[in-house]
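Participant: Give me coordinates for this.
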Amino acid sequence: MSVKTSRSAYKLGVHILLIAGALFMIGPFLWMVLTSVKSFGESTLVPPVIIPAKFQWHNFVDVTAVLPFLNFYFNTVVSSLSKTAGQLLFCSLAAYAFARIEFPGRHLLFVLVLSVLMVPSQIYILPQYMIMKHLGWLNSIEALIVPGLFSAFGTFLLRQFFMTMPKELEEAAKLDGCNQFQIYSRIMMPMVVPGLIALAIMTMLWSWNDLLWPLVVNNSPDKMPLSVGLATLQGENLTNYPVIMAGAVLATWPMIVMFLLLQKYFVEGITLTGTKG
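Facilitator: Okay, here's the model as predicted:
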C-alpha cells in the first residue's frame, strides 16, 4: 500500500469517526425536536416512533398556554445577560490585576481563586442560600443574578489572555500618561475581545441552562427562569412529554442561534487561551 493510499484511508477513518461522533451528540437533540411534534400516545409507544404520523404543532401553543412562558423568558434573559455582563467586568478586572500588576501575595491569591474550581458547586450551595436568606433575596431576581457575577474560571481564562500581551504596550501607554485603569480599559480590553466573547458565550450557556441554583432559591412563578418553569411540567403520575419537549425547543433555540453566529470568535478565543503563562 502506497503512502498516499494509507493517508487517504486514515483520513477516511477519521471522518467516519467524526461523523459517528457528531450523530451521537446530535441524536438527543433531534429526538427532542421530533418528540415535540408527536402526540402523547406516540411519545409513549414501545418500540418508540421516530417520525410522527402527523406533526402536532399545537404542542408549542399548549406549552405557552399552561405556563407564563414570556415571563419565564424575561427572567432568563435578564438574569443571563446580567451575569454575563458582571463576569465580563469583574473577571476581567481581577484577571488584569493578576496578570499585569505586581503586588504582594499575588500568586497566593490567584491559587486561592483557582482552588474554587476544585470544589464542586453543590458544596457551597447551602452557604450561598443562607446568605440570600439573610439578605432577604429568596424568591427574587437578585438571588439568580448576584452569585453568578464572578467566576474563578472566567478570571483564569482572561488572565491567560492578558499574560500574552507584550509589556511594551504598557510601557508605551505609561509614557503617554495613562494610569492603570486607562491601560486596562483602552489598551488591554480591545486586545482580548476573543477571550471576552468566549467567556460571554460560556456564561450565557451556563446561566441559561442552570437549574439547581434557581430551583433552590426560587419557588415564585413570577421570578422563575425557563429551566425551573419547564421542570414544573413534570407530573407525579402523568407527564406530557411532547409538551415538555416543545417547551425545551422554544427554550433552546436562542442559544443555538447565538452559538452559530459567534462560533468563529468562540473557537478563536479558546484556541488562543493559554499560549503563555
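Participant: from what I can see residue 165 touches residue 190, true?
Facilitator: No: using Cβ atoms under 8 Å, residue 165 and residue 190 do not qualify as a contacting pair, with a distance of 10.9 Å. The way it works is simple: take the backbone N, C-alpha and C, and place the C-beta from them, glycine included.
Participant: neighbour count winner among the two?
Facilitator: residue 165 (18 against 9; other Cβ atoms under 10 Å).
Participant: Assign that one to helix, strand or coil.
Facilitator: Local secondary structure at residue 165 is given as coil here, using DSSP: H, G, I helix; E, B strand; the rest coil.
Participant: show me what contacts it?
Facilitator: By Cβ atoms under 8 Å, 6 or more residues apart in numbering, the residues touching residue 165 are 100, 188, 191-192.
Participant: Residue 138 against residue 130, yeah?
Facilitator: No: at 10.4 Å, residue 138 does not count as touching residue 130 under the criterion of Cβ under 8 Å.
Participant: If you count surrounding residues, which of the two has more?
Facilitator: Looking at residue 138 and residue 130 with other Cβ under 10 Å, you find the greater number of neighbours at residue 138, namely 17 against 10.
Participant: what about the more buried one, helix or strand, and which?
Facilitator: Assignment of secondary structure by DSSP states H and E places residue 138 within no helix or strand.
Participant: residues touching it, list them.
Facilitator: Counting by Cβ under 8 Å, 6+ apart, residue 138 has contacts 132, 217-218.
Participant: and the helix or strand containing residue 268, what other elements does it pack with?
Facilitator: With elements taken from DSSP H and E, the one containing residue 268 is helix 241-272. Using 3 or more Cβ pairs under 8 Å, 6 or more residues apart in numbering; DSSP states H and E as the contact criterion, the neighbours of helix 241-272 among helices and strands are helix 3-35, helix 40-43, helix 58-66, helix 69-100, helix 193-209, helix 226-231.
Participant: so what does the fourth one touch, helix or strand wise?
Facilitator: When you say that, I think you mean helix 69-100. Other elements packing on helix 69-100 under the criterion 3+ Cβ pairs under 8 Å, 6+ apart are helix 106-115, helix 141-145, helix 152-163, helix 193-209, helix 226-231, helix 241-272.
Participant: Could I get the buried residue list for it?
Facilitator: Neighbour counts using 16 or more other Cβ atoms under 10 Å place 69, 71-73, 75-77, 79-84, 86-88, 91-100 of helix 69-100 among the buried residues.
Participant: do the shortest one as well
Facilitator: Of the residues in helix 40-43, those buried under the neighbour-count criterion (16+ other Cβ under 10 Å) are 42-43.
Participant: Using CSV, write out every CA atom in that helix.
Facilitator: Once non-C-alpha atoms are left out, helix 40-43 reads as follows in CSV (Å, rounded to 0.1, in the frame of the first residue of the first chain):
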residue,chain,number,x,y,z
PHE,A,40,-49.0,12.0,23.6
GLY,A,41,-49.8,8.5,22.5
GLU,A,42,-46.9,8.3,20.1
SER,A,43,-44.5,9.5,22.7
